[in-house]
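Undergrad: The amino acid sequence is not available; the structure is as follows:
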Ligand code: JEK
């Protein structure tokens, strides 16, 4: 079983989210064990202090090393040595599908959530194995990033998402965005579902969807297309991609 321990001063934030949906069900089914640990439980002073002023001066507060060390040591004693101690930080390398897949193959993960200006660098230097960021925008702490990481990791644990082929079909696995989806009614407030999807000619539908995936990726995420692994694409996707790239060349010459 995959065990994830989250160290935070806001354990209720973690519990509130990870009891719902696919991750909540994975927990009740015993596929993963996610436990939020209150960092203040690992303090030894009567005020349960987790932060202090920065050496060298400057604004804001810094997370003290001692409670974080005590928390990770207590978790290691209880669970066994972790495979990774992940720190959520704006300084981390960006979270990707590959990184999430790597964590999903581990047995014991510890995720550290900072607050304030960040944490004492001696924690990063000696306890942390991976520094991860969820993107180039600034948040107020590591809890939402930890939830994003855990959600991405848990759905890759075998058995969590019912249809394994839907995980393999993920756009970031293949390097293509998804095609548009529609459901009933066929006309909603004068907005019609594309005719090809109504007809039900399977090969036509698949060609149309392949074209949508390729043209949308080119328009919205050309960075993905330039790194696409052609061996993961269907015959329709490969043909449409070659066609669309050729047309794009034509327009620029
Ligand atoms: C963990 C505390 C708040 C906010 C200072 C940082 C460069 C200086 C700390 N993708 C992500 N965005 N934000 C986080 C994240 C934020 C956190 C903590 C993660 C702990 N904070 C905070 C501002 C600053 N600036 C950017 C200039 C430090 C994150 C992730 N993962």
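TA: Done, it's in. Note that the structure is a prediction, hence the values are computed from the model and not measured.
Undergrad: Beyond the helix or strand containing residue 148, next helix or strand please.
TA: Using DSSP states H and E, residue 148 sits in helix 143-154. Sequence order places helix 164-168 as the next helix or strand after helix 143-154, per DSSP H and E.
Undergrad: mind listing what's buried in the helix or strand following that next one?
TA: Next helix or strand after helix 164-168 toward the C-terminus (DSSP H and E): helix 171-174. Applying a neighbour-count criterion of 16 or more other CB atoms under 10 Å, the buried positions in helix 171-174 are 171, 174. Just so you know, the C-beta spots here come from the backbone N, C-alpha and C atoms, and that holds for glycine as well.
Undergrad: Now do helix 171-174, average pLDDT.
TA: When pLDDT is averaged along helix 171-174, the result is 80.
Undergrad: again with stretch 23-42
TA: When pLDDT is averaged along stretch 23-42, the result is 98.
Undergrad: hmm, that stretch touching the ligand?
TA: No: no part of stretch 23-42 sits close enough to the ligand to count as contact by CB under 6 Å from any ligand atom; the gap is at least 12.3 Å.
Undergrad: Output the contacting helices and strands for the helix holding residue 148.
TA: Judged by 3 or more CB pairs under 8 Å, 6 or more residues apart in numbering; DSSP states H and E, the packing partners of helix 143-154 are strand 2-8, helix 11-18, helix 21-28, strand 32-38, strand 84-94, helix 97-104, strand 108-113, strand 130-133.
Undergrad: repeat that with 7 Å
TA: Helices and strands touching helix 143-154, by 3 or more CB pairs under 7 Å, 6 or more residues apart in numbering; DSSP states H and E, are strand 2-8, helix 11-18, helix 21-28, strand 84-94, helix 97-104, strand 108-113.
Undergrad: I'd like these laid out as JSON lines, including mean neighbour count and distance to residue 56.
TA: As requested, these are exported to JSON lines (neighbours: other CB atoms under 10 Å; distance: least, CB to CB, whole Å):
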{"stretch": "strand 2-8", "mean neighbour count": "24", "distance to residue 56": "25"}
{"stretch": "helix 11-18", "mean neighbour count": "18", "distance to residue 56": "30"}
{"stretch": "helix 21-28", "mean neighbour count": "15", "distance to residue 56": "40"}
{"stretch": "strand 84-94", "mean neighbour count": "19", "distance to residue 56": "17"}
{"stretch": "helix 97-104", "mean neighbour count": "17", "distance to residue 56": "32"}
{"stretch": "strand 108-113", "mean neighbour count": "25", "distance to residue 56": "23"}
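Undergrad: Next, the angle from the helix holding residue 148 to helix 97-104.
TA: Here helix 143-154 runs at an angle of 80 degrees relative to helix 97-104 (axes from the mean of the first three to the mean of the last three CA atoms, to 10 degrees).
Undergrad: Report whether helix 143-154 contacts the ligand.
TA: Yes: on the criterion CB under 6 Å from any ligand atom, helix 143-154 is in touch with the ligand at residue 145.
Undergrad: what is the rounded mean pLDDT of that helix?
TA: 98.
Undergrad: Now it: buried residues?
TA: Taking 16+ other CB under 10 Å as the criterion, helix 143-154 shows 143, 144, 145, 146, 147, 148, 149, 150, 152, 153, 154 as buried.
Undergrad: Reformat the helices and strands packed on helix 143-154 as JSON lines; add distance to residue 195.
TA: As requested, those are arranged in JSON lines below (distance: least, CB to CB, whole Å):
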{"stretch": "strand 2-8", "distance to residue 195": "45"}
{"stretch": "helix 11-18", "distance to residue 195": "41"}
{"stretch": "helix 21-28", "distance to residue 195": "34"}
{"stretch": "strand 84-94", "distance to residue 195": "40"}
{"stretch": "helix 97-104", "distance to residue 195": "34"}
{"stretch": "strand 108-113", "distance to residue 195": "48"}
